[in-house]
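Engineer: Pasting the sequence and the predicted model now:
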Amino acid sequence: SGFPAPANDGRLVFTYPEELSPQLDRRFGQYELQVYESYEPGKEQAFIDACKRVAEIHWEAAHWLAKTQSWDCLAFVSLTIDRASHYLWRFMDPDHPEYDRGQADCWGGAIRDLYCLEDGHLGRLLEVVGEDDLVLVTSDHGFCGRHRTFYINEWLRRKGYLKLKGRLVERGWLGRLMTPVVDLYQRNAWARSLMAPLRGTAARDRLMSHHHAHRRGRLRMETVPIDWDRTVAYAADQHRIYLNEQAYDFQGEAFTKRYDEVLAQLADELDDITDDRGNPLSADVLKGRDIYDGPFVEEGPDLLVFFDNYRCDVNSSLGGSLFGESSLRLSGTHHPHGLIMMRGPGVRPEQRIEADIVDIAPTILHALDAPVLAESDGQPIWAAFDEASEFSRRPVRQISHAERARKEQAWSAEEEAEVMGRLRELGYL
């Protein structure tokens, strides 16, 4: 377990098998599942110390498990570099709007130091695994500076694509009243159970709107009363825009023509967006159906939009201005170019690998001689292996999604209830 698992109070069951949780607690002193220290400007050292402490605990746990447990596939995830990069990026990036040379002299090496710490632990772990074991080190994304934020739903609202029922909530006395109530709800399980009847109700959404308006000056989309009969397009989350097929504009036989027209119009208008200083944002607008395929493509986004080579975040909140300035607190954001390194039997040494994240799972499965999902978008990373290696010579075994579903054992009602109970205990439900 890791993010977003709740804090471990010494009684939390966060492993399978269950008895492993108390073992980790005893060995590492109430095992920390993630960095719970919040970053605040001016308290950099406390945050950096917390990142290093959690990294040390996680790597030591991985080292101990690798030596003491029997395993066929050992997977380890470290989140501390991600956390540090989000909050400390501005100290190491001279191009960041909030870069300060004096602060950079103090904290500019923090992210690099974390890389060095984890690299040292990786070297120790490589001493435990055998020479015949395949090792992959990979990230699910890269990082870059977060220079500003664009509020996509506010733009859609101003352009007339997104319609509301009534006016947006503004700051007021009800928001001031709701803020401590929400804080209590987030910290206290008793308070959550007390307020459970309000979940999914219009009253709860309205109260949360007042809270977000007071705290942030902006509203989360799920707390805003959307007029779905008149809304043509909306962004449910970052970067992804959906056309509302239930809107009256899309009813009847003219759906396909209207859909294509609105999609093209939206793409053109997004291309023309300039920032609050009048500078082009260098939009990268992608059509969902050009990227995705498969039986669930209709459920995916219709457009994806990225600005300024990912340095301009896209946020789905409503209200306020279209742009938010760079932040002293959250100064780094995700970039699609990550890393992959490999070592093991048949791997070509010092070979540059070009791969996609969807190739990772097929590579691991094929190395284990396990079947690869036939519908998978990825494939084993052949270029990383010698042609004479067992990995390259062995045919890929495949299994269809339908065949795998037939082979999987369905849960009993008792097992389903047990899983749901564990999720409630962990605070997810």
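Structural biologist: Everything's here; your move.

Engineer: longest single helix anywhere in this structure?
Structural biologist: The helix that spans the most residues within the chain, counting by DSSP state H, is helix 44-68.

Engineer: Quick one: list the elements packing against it.
Structural biologist: helix 20-28, helix 80-88, helix 101-107, helix 110-128 (3 or more Cβ pairs under 8 Å, 6 or more residues apart in numbering; DSSP states H and E). In this view, the C-beta of every residue, glycine as well, is placed from N, C-alpha and C.

Engineer: show me what contacts the residue lying closest to residue 307 once chain neighbours are set aside?
Structural biologist: Closest residue to residue 307 apart from its sequence neighbours, by Cβ to Cβ, 6 or more residues apart in numbering: residue 281 at 4.3 Å. Taking Cβ atoms under 8 Å, 6 or more residues apart in numbering as the definition of contact, the neighbours of residue 281 are 150, 273, 274, 275, 307, 308, 312.

Engineer: Kindly report the same for residue 389.
Structural biologist: By Cβ under 8 Å, 6+ apart, the contact set of residue 389 is 345, 346, 347.

Engineer: what about the first one, which SS state?
Structural biologist: Spelled out, that is residue 345. Residue 345 falls in the coil class when you classify it by DSSP: H, G, I helix; E, B strand; the rest coil.

Engineer: Not counting sequence-adjacent ones, nearest residue to residue 83?
Structural biologist: Nearest-residue entry for residue 83: residue 35, 5.0 Å, with adjacent residues in sequence omitted and distances by Cβ to Cβ, 6+ apart.

Engineer: Counting neighbours, what do you get for the closest residue in space to residue 382 that isn't next to it in sequence?
Structural biologist: What sits nearest to residue 382 in space, not counting adjacent residues and going by Cβ to Cβ, 6+ apart, is residue 392, at 6.4 Å. When neighbours are counted by other Cβ atoms under 10 Å, residue 392 registers 15.

Engineer: do the same with the one 3 residues further on
Structural biologist: Using other Cβ under 10 Å, residue 395 has 6 neighbouring residues.

Engineer: all numbers from here: first residue = 17
Structural biologist: Right, with 17 as the first residue, what we last looked at is residue 411.

Engineer: any idea of the pLDDT on it?
Structural biologist: Reading off the per-residue confidence, residue 411 sits at a pLDDT of 96.

Engineer: Likewise for residue 188?
Structural biologist: In the prediction, the pLDDT value recorded for residue 188 is 53.

Engineer: Likewise for the one 3 residues further on?
Structural biologist: According to the prediction, residue 191 has pLDDT 53.

Engineer: on that earlier part again, and the contacts of residue 405, which is closest to residue 94?
Structural biologist: Distances from residue 94 to the contacts of residue 405, taken as Cβ to Cβ, are shortest for residue 363 (21.9 Å).

Engineer: in this protein, which spans are strands?
Structural biologist: For the chain, the strands defined by DSSP state E occupy 151-154, 158-161, 164-167, 249-250, 256-259, 300-303, 319-322, 328-331, 339-341, 348-351, 356-359, 388-389, 414-415.

Engineer: Which of those strands has the lowest mean pLDDT?
Structural biologist: Looking over the strands of the chain, mean pLDDT reaches its minimum on strand 339-341, with a mean of 84.

Engineer: buried ones in that one?
Structural biologist: 339, 340 (16 or more other Cβ atoms under 10 Å).

Engineer: Touching it from outside, list them.
Structural biologist: With Cβ under 8 Å, 6+ apart as the test, strand 339-341 has contacts from 113, 164, 165, 166, 167, 291, 292, 331.

Engineer: Could you dump these into a markdown table and include neighbour count?
Structural biologist: What follows is the contacts of strand 339-341, written out as a markdown table (neighbours: other Cβ atoms under 10 Å):
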| residue | neighbour count |
| --- | --- |
| 113 | 15 |
| 164 | 19 |
| 165 | 22 |
| 166 | 23 |
| 167 | 23 |
| 291 | 16 |
| 292 | 12 |
| 331 | 19 |
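
Engineer: could I get those as JSON lines with distance to residue 104?
Structural biologist: Formatted as JSON lines, these follow (distance: Cβ to Cβ, whole Å):
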{"residue": "113", "distance to residue 104": "15"}
{"residue": "164", "distance to residue 104": "18"}
{"residue": "165", "distance to residue 104": "18"}
{"residue": "166", "distance to residue 104": "23"}
{"residue": "167", "distance to residue 104": "25"}
{"residue": "291", "distance to residue 104": "25"}
{"residue": "292", "distance to residue 104": "26"}
{"residue": "331", "distance to residue 104": "21"}
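
Engineer: now the end-to-end length of stretch 140-153.
Structural biologist: End-to-end distance for stretch 140-153, by Cα to Cα, to the nearest Å: 14 Å.

Engineer: how much distance is there from that stretch to the middle of the chain?
Structural biologist: Remark: stretch 140-153 is offset 27 Å from the chain centroid, using Cα atoms, centre = their mean, to the nearest Å.

Engineer: neighbouring contacts of it?
Structural biologist: By Cβ under 8 Å, 6+ apart, the surrounding residues in contact with stretch 140-153 are 75, 78-79, 82-83, 90, 92, 138, 355-361, 363, 376, 379-380, 383, 407.

Engineer: tell me the contacts of the residue nearest to residue 398?
Structural biologist: Residue 408 neighbours (Cβ under 8 Å, 6+ apart): 362, 398, 401, 402.

Engineer: again, only this time at 10 Å
Structural biologist: When the contact criterion is Cβ atoms under 10 Å, 6 or more residues apart in numbering, the partners of residue 408 are 362, 382, 396, 398, 399, 400, 401, 402.

Engineer: Now the buried members of the residues you listed.
Structural biologist: 362, 382, 396, 400, 401.

Engineer: when you check the residues you listed against the helices, which ones overlap?
Structural biologist: Residues of those located in helices (DSSP H): residue 382.

Engineer: JSON lines for the buried ones among the contacts of residue 408, including distance to residue 128 and pLDDT?
Structural biologist: As requested, the buried ones among the contacts of residue 408 are arranged in JSON lines below (distance: Cβ to Cβ, whole Å; pLDDT from 0 to 100):
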{"residue": "362", "distance to residue 128": "32", "pLDDT": "96"}
{"residue": "382", "distance to residue 128": "35", "pLDDT": "97"}
{"residue": "396", "distance to residue 128": "33", "pLDDT": "97"}
{"residue": "400", "distance to residue 128": "27", "pLDDT": "96"}
{"residue": "401", "distance to residue 128": "31", "pLDDT": "97"}
